[in-house]
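Novice: Pasting a predicted model and its sequence here:
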Amino acid sequence: MNRPDDPPLGTSGDAAEPLKERDFIRQIVADDVRAGRNGGRVHTRFPPEPNGYLHIGHAKSIHLNYGIAQEFGGKFNLRFDDTNPETEETEYVEAIKADVRWLGADWEDRLFYASDYFDTLYAWAVHLIENGKAYVCSLSEDEVRAYRGTVTEPGRPSPNRDRPIAESLDLFARMKAGEFPDGTYTLRARIDMAHPNMKMRDPLLYRIKHAHHHRTGDAWCIYPFYDFTHGQSDAIEGITHSICTLEFEVNRPLYDWFIENLPVPHEPHQYEFARLNLTYTIMSKRKLLRLVREGHVTGWDDPRMPTICGLRRRGYTPEAIREFNNRIGVAKADSTVDYSLLEWSIREHLNRVAPRVMAVLRPLRVVITNYPEGQVESIECLDNPEDPASGTRQVPFSREIYIERDDFREDAPAKFFRLTPGREVRLKHAYYINCDQVIKNDRGEVVELRCTYDPATRGGDSPDHRKIKGTLHWVSCAHAIDAEVRLYDHLFNRPLPEEGDGFLANLNPGSLEVLTGCKLEPSLAGAQPGDRFQFLRNAYFCVDTRDSRPGALVFNRTVTLKDTWAKIESKG
RNA sequence: UGGGGCGUCGUCAAGUGGUAAGACACAAGGUUUUGGUCCUUGCAUUCGCAGGUUCGAAUCCUGCCGCCCCAACCA
């Protein structure tokens, strides 16, 4: 029934050796190490822009980069790609650091910012100008666009392309000195305006932005672009394998061009893999921002969000996210992973570690008529049958209990193993009961059940070992504590939310159902924010870290248990 | 259509000329004091399509078809 040789916590998927070359990037890294490139050194980095929160797609990159560093005895840096002061904030920096740490990636003392390199980048820009490989351009934004041509037509050279070096040098210095307003000048590389790769048509290196930077303050009014920053930052940090997503593939020739034409201390190489897509989920930072700003969710950490903080609040564990990443693989084909794999990953972990407790979400009162009034028994309950190290706890049992409304049906089909008049069921760890009477209100709704129990079945087994098909969870009415329970479902009601009339039109109106007056066994009274449980026969839940209070607990449903009965029923 | 990529089971994904791994999902059984877990079994004569090379091709060649990325003073 369970696995006696369970590996210790958090080691699933960590079969060490066989994992080493399991994807094309690790094969490249392994080849490089074998060939002694970079002196056998491996150094990766995760380079987020601090303009939003991390999501599950970023986790894929973090695990890839950090995993490779670990597996090859290398190093891993966290570097903020903060070259656009208008969208970047310290709030995001702090949130990203917390998320990366929580996921388990350790950058040790190597926390860097591209803005740390502004002086070097400036010097290197001057170097390019001096070598006739960059020039200051006076074209306006619209003109730059027009001169660039299209994918099928070559561009035309900027009228400033042959500006004398001395003049560009002077202008660039004055751009830096703040003599010109935004948009009046740019620094551009002098490559090839007819290049078939649009990225190589004299790309922009610097723009003027009189904006306050979250780290450098007002020290600069010119800022380098991504392409002029990323590879050079990798070079400065000694990054050996610069791993990014597929859309940067067209940027690679430019990445290499800067490495070749600048006096860099090291030559990094870029490799690209397919970014993660998940069914029923959107991953675009811009669109996630919209969900937050327009109030479709309560914030970046709304448990329905695919953000790391959202998943954390939902009850996901770092182990589960890592296991998920181990299973989806790394390749170059665009793909969309089934959400069910993410759910499988969290169930797989929580099944092993989450204590079982009894909670009745939609209570129905049951009076056990032959149970002595006023008597209270203490029932010993197993905390987790999957974990031999877990213990037991005492749960009070009495004459009046709550059971789940769905666990009773007056007219039940043969396959319904739960409570119905004339069918005996077991109360988990307690007694067998039979339903004798159904009490209804004026509207004909069932409001209470009168049952009798078999005193010989204490503990949930009978001397004659008669077969009992159904086992129900229960909570003693007098001892129950109340709680709010939030049932989450997919944020979108389509596997591909962008289809149809767009993601906003496909929001799932039933993505959150709030239940109040739920009845919990009293052992849960001291549950702390973040604590995870399996509500027996129902789902995994965790105590909300934002809204839960002692005496007014709030639980988030992380993921349901598999529900074979629901499947049988839906088939009719 | 100028360039760059990618097309193997419903979804991911191994495979690198020797005769289609694995996982999730799904289906059928078994165990079970969670209709959970666990166990067993099934699930691509076929690798976008069409030719060709070869004793032998998902792997090599040719030609098609389809999808993604690039024309932000975003990253």
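Specialist: Here it is on my side, so go on. Numbering: from 1, shown residues only, chains lettered A, B, ... in the order given.
Novice: which regions of chain A lie under the pLDDT threshold?
Specialist: In the predicted model, chain A carries pLDDT under 70 at residues A:1-19.
Novice: Whatever residue of it ends up closest to RNA strand B - how many residues pack around it?
Specialist: Nearest to RNA strand B in chain A, going by C-beta to the nearest atom of the strand, is A:G460, at a distance of 2.1 Å. Using the backbone N, CA and C atoms, a C-beta is placed for each residue, glycine as well. For A:G460, the neighbour count with other C-beta atoms under 10 Å is 16.
Novice: show me what contacts it?
Specialist: A:G460 makes contact with A:R426, A:L427, A:K428, A:H429, A:A430, A:Y431, A:Y432, A:T471, according to C-beta atoms under 8 Å, 6 or more residues apart in numbering.
Novice: Next up, phi/psi of it, please.
Specialist: phi 100, psi 20 (degrees, to the nearest 10).
Novice: Which of the contacts of A:G460 are buried, as a PyMOL select command?
Specialist: The PyMOL command for the buried members of those (criterion: 16 or more other C-beta atoms under 10 Å) is given here:
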select buried, chain A and resi 426+427+428+429+430+431+432+471
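Novice: Okay, and which of the contacts of A:G460 map to strands?
Specialist: Within the contacts of A:G460, residues falling in strands by DSSP state E are A:R426, A:L427, A:Y432, A:T471.
Novice: Name the nearest residue to the second one, ignoring sequence neighbours.
Specialist: Residue nearest to A:L427 in three dimensions, not counting chain neighbours: A:W474, with 5.0 Å by C-beta to C-beta, 6 or more residues apart in numbering.
Novice: and what of the third one?
Specialist: Using C-beta to C-beta, 6+ apart and skipping residues adjacent in sequence, the residue nearest A:Y432 is A:T457, 4.2 Å away.
Novice: The last one too?
Specialist: In space, and not counting its chain neighbours, A:T471 is closest to A:R426: 4.6 Å by C-beta to C-beta, 6+ apart.
Novice: Next one: that neighbour from A:L472, what distance?
Specialist: Distance, A:R426 to A:L472, using C-beta to C-beta, to the nearest Å: 7 Å.
Novice: same question, A:S340
Specialist: For A:S340, the distance to A:L472 under the criterion C-beta to C-beta works out to 28 Å.
Novice: Neighbour count for those two, which is higher?
Specialist: A:L472 (23 against 10).
Novice: That one bridge partners, please.
Specialist: With DSSP bridges as the criterion, A:L472 is bridged to A:L427.
Novice: In this structure it contacts A:R423, no?
Specialist: No. Under the criterion of C-beta atoms under 8 Å, A:L472 makes no contact with A:R423, lying 11.5 Å away.
Novice: ok, which stretches of the stretch 301-450 of chain A are helices?
Specialist: Counting by DSSP state H, counting those that start in this stretch, the segments of the stretch 301-450 of chain A that form helices are A:308-314, A:318-328, A:339-353.
Novice: nearest to A:I568, of these?
Specialist: Closest approach to A:I568 among these is made by helix A:339-353 (18.9 Å; C-beta to C-beta).
Novice: what helices or strands is the closest one leaning on?
Specialist: With contacts defined as 3 or more C-beta pairs under 8 Å, 6 or more residues apart in numbering; DSSP states H and E, the secondary structure elements packing on helix A:339-353 are helix A:318-328, strand A:532-535, strand A:539-543, strand A:553-560.
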